[in-house]
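Trainee: Kindly return the folded structure for what I paste below:
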Amino acid sequence: MYYSSGNYEAFARPRKPEGVDDKSAWFVGAGLGNMACAIFMIRDGRMSGDRITILEELKLPGGALDGIEYPHKGFVIRGGREMEDHMECLWDLFRSVPSLEVEDASVLDEFYWLNKDDPNYSLCRVTEKQGQDAHTDKLFGLSDKAQKEIVQVILATREQMEDKRIDEVFTREFLDSNFWLYWRTMFAFEEWHSALEMKLYLHRFMHHIGGLPDLSALKFTKYNQYESLVLPMYRWLLDQGVTFRFEHTVTDVQFDFQDDRTQATRIDWVTGDGAAGGVDLGPDDLCLVTIGSLTENSDDGDHHTPAMIKDGPAPAWDLWKRIAAKSDRFGRPEVFCGDIDKTKWESATVTTVDERIPAYIEKIAQRDPFSGKVVTGGIVTARDSSWLMSWTVNRQPHFKAQKPDEIVVWVYGLFVETPGDFVKKPMQECTGEEITQEWLYHLGVPVDEIRELASTGAKCVPVMMPYVTAFFMPRAAGDRPQVVPEGSVNFAFIGQFAETTRDCIFTTEYSVRTAMEAAYQLLGIDRGVPEVFNSSYDIRYLLKATTRLRDGAAVDLPGPNFLKGRLLDKLDNSQMGVLLTDFGLIPEHAGTVARDRSDDAIE
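Mentor: As a prediction, this is how the structure comes out:
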């Protein structure tokens, strides 16, 4: 396997790999990564779909990409997926999956046209004082010291950031800034999370630094992620003859270790009715396992019942622990799943049932929630919320089954153990109705109307997720196994807890990238995997990001004025001087004036 850049290999069709007709593939888990890997094996590896079997513990595919309507409870989305232009593997995948919405179009076509016609951006990113605009005004508010700390993290090596917390590399000057507020609520970072992952995120999204304050960097699907992404993949795979076995909990994978060669030899499972089973594997039987799970042991409450913290047996994590015990090349799951207090948070899906609550949404979003177009443009964060509550209303209907007068809202809190501001209880102890009350308080509903409106104007399903940020825990090399461990002849690890180069987790792209790498290595597919977008190596993006981190302020050149003048004279009409001037880091000087950048793709 190797990486490629540009469109030369992006449009190429690889030759059929030698021996592929003799191979079969068994997947553990039916989440995005494994379904993507199956598609790559069929599309690029020319494997027949009837030689692929996908085992899944749940009753439906999709893993964390969910969207469900429960009778009586209401609609449920555990989380949302923020996407952007440069998810190279994701879009390579969905260019080949037919849309279920638009005739003669792919999922990528549908998504592209939707976001062209209705671009995403927020008109109110942060509120305070019960629904009032906090007027962060798209400013980062980073002091010189905080800016230097960001640069130091970017310039540090991976090894220097291993096993360190974010609050060990950033001081309060950074952690009290608007930048950190935007960042932590958009990506769900806590101060005790991985400094290494923070570094990877800064590199990965260098080109989107300017889009953080108004979320204009983001793009969203038409409906929830299950209906917009999972169902098209599922139906395509079924059409290719792929077998899905639901309610199959894989309990172990056996291996044969011989010198520098390792082969998966058996998959063991238990079915929904308690029957033990399994399959023996030869060297041509491929075994692809999604390890770990951010949604494992999720628990749903309802409007009158809190969600519970389930800290007992966790099949996905228990499977990885059993596998990891067999070889030090298979990772260290306890690093990620060993402290639920540091990996949990709670989300809630609120469904409004008439036009009373949507009127308050419209006041903050400054858009009609019933328009069918972008509403909040991403999350709105209540800065003074004791739960650090954020909420979002995507394009409506968010579910095809919604009634015309319903709006589906997603709410989440990062501080679930802290008593609320209206509901004097921790979020993790609250019913859906109580979470709705707290949300309405920060929406600006008059205090004397909150309880009645929460009772009759909405229904809410809270979801507690004990492991939702497990992959953000401080880590070091070797804690996550390689996608295809050294010596493997027939198995790979896929998903957020497998290690691949330069990319960052908690994205759909990461799951699909590990899937593509697994398929290409195990089948010997002769086509480059698209490299992670290289904006952190492009001086134009670096200069643009620097300008935004400084809230547009020019660099204060050191020394007396006559030396500054000499330096500007040296830069005048030079390529570096032109770039620095274009991006506002030095003032226009002599013959060098700022130009538009219509000759490149930076804007």
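
Trainee: show me what contacts the residue lying closest to residue 402 once chain neighbours are set aside?
Mentor: Of all residues not flanking residue 402 in the chain, residue 408 sits nearest, at 6.5 Å (Cβ to Cβ, 6 or more residues apart in numbering). Placement of C-beta: from N, CA and C, glycine included. Applying Cβ atoms under 8 Å, 6 or more residues apart in numbering, we find residue 408 in contact with 75, 77, 349-351, 393-394, 396-399, 402.

Trainee: Over to residue 408. Which of the three states is it?
Mentor: Following DSSP: H, G, I helix; E, B strand; the rest coil, residue 408 is assigned to strand.

Trainee: Tell me the bridge partners for it.
Mentor: Beta-bridge partners for residue 408, by DSSP bridges, are residue 351.

Trainee: quick one: which of the contacts of residue 408 sit in strands?
Mentor: 75, 349-351 (DSSP state E).

Trainee: check contacts around residue 327.
Mentor: 255, 257, 262, 485.

Trainee: what two of the residues you listed have the greatest distance between them?
Mentor: Greatest spatial distance among the contacts of residue 327 (Cβ to Cβ): 257 and 485, at 11.1 Å.

Trainee: Neighbour count for those two, which is higher?
Mentor: Neighbour count, other Cβ atoms under 10 Å: between residue 257 and residue 485, residue 485 has more, with 17 against 12.

Trainee: element containing that one?
Mentor: If you go by DSSP states H and E, residue 485 is not part of any helix or strand.

Trainee: now it, nearest residue through space, not along the chain?
Mentor: residue 329 (4.4 Å).

Trainee: Tell me the one among the contacts of residue 327 nearest to residue 432.
Mentor: Looking across these and measuring by Cβ to Cβ, the closest to residue 432 is residue 485, at 43.3 Å.

Trainee: Just the pLDDT at the closest one, thanks.
Mentor: With respect to pLDDT, residue 485 scores 98.

Trainee: One more: the one 4 residues further on?
Mentor: Per-residue pLDDT puts residue 489 at 97.

Trainee: Now do the contacts for it.
Mentor: So residue 489 contacts 261-263, 283 (Cβ under 8 Å, 6+ apart).

Trainee: which residue packs closest to it, ignoring adjacent ones?
Mentor: Per Cβ to Cβ, 6+ apart, closest to residue 489 is residue 263, 5.1 Å.

Trainee: and the one helix or strand the one you found maps to, what's its mean pLDDT?
Mentor: Using DSSP H and E, residue 263 falls within strand 261-271. Across strand 261-271, the average pLDDT comes to 98.

Trainee: Show me the contact partners of it.
Mentor: By Cβ under 8 Å, 6+ apart, strand 261-271 touches 26, 28, 55, 247-256, 276-281, 283, 285, 287, 327, 329, 485, 487-491.

Trainee: just the buried members of those?
Mentor: 26, 28, 55, 248-250, 253-255, 281, 285, 287, 485, 488, 490-491 (16 or more other Cβ atoms under 10 Å).

Trainee: Give me the residue at the spatial middle of this structure.
Mentor: Centroid check for the chain by Cα atoms, centre = their mean gives residue 507 as the closest residue, at 2.8 Å.

Trainee: residues contacting that one?
Mentor: 81-82, 87.

Trainee: Now neighbour count and distance to residue 371 too, for those, in TSV please.
Mentor: Converted to TSV, these look like this (neighbours: other Cβ atoms under 10 Å; distance: Cβ to Cβ, whole Å):
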residue	neighbour count	distance to residue 371
81	21	22
82	19	21
87	22	27
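
Trainee: can you give me the helices for the stretch 1-150 of the chain?
Mentor: 32-43, 88-94, 107-117, 144-155 (DSSP state H, counting those that start in this stretch).

Trainee: Any stretches of this protein with poor pLDDT?
Mentor: 603 (pLDDT under 70).

Trainee: Scan it for its longest helix.
Mentor: helix 508-523 (DSSP state H).

Trainee: What is that one packed up against?
Mentor: Judged by 3 or more Cβ pairs under 8 Å, 6 or more residues apart in numbering; DSSP states H and E, the packing partners of helix 508-523 are helix 32-43, helix 88-94, strand 285-290, strand 491-494, strand 529-530.

Trainee: so which of the ones you listed comes closest to residue 312?
Mentor: Comparing the helices and strands packed on helix 508-523 by Cβ to Cβ, strand 285-290 comes nearest, at 20.9 Å.

Trainee: Give the bridge partners for residue 289, please.
Mentor: Bridge pairing for residue 289 - DSSP bridges - gives residue 28, residue 493.

Trainee: does the closest residue in space to residue 333 that isn't next to it in sequence count as helix, strand or coil?
Mentor: In this structure, residue 333 finds its nearest non-sequential neighbour in residue 320, 4.4 Å apart by Cβ to Cβ, 6+ apart. In three-state terms, and counting by three-state DSSP, residue 320 is helix.
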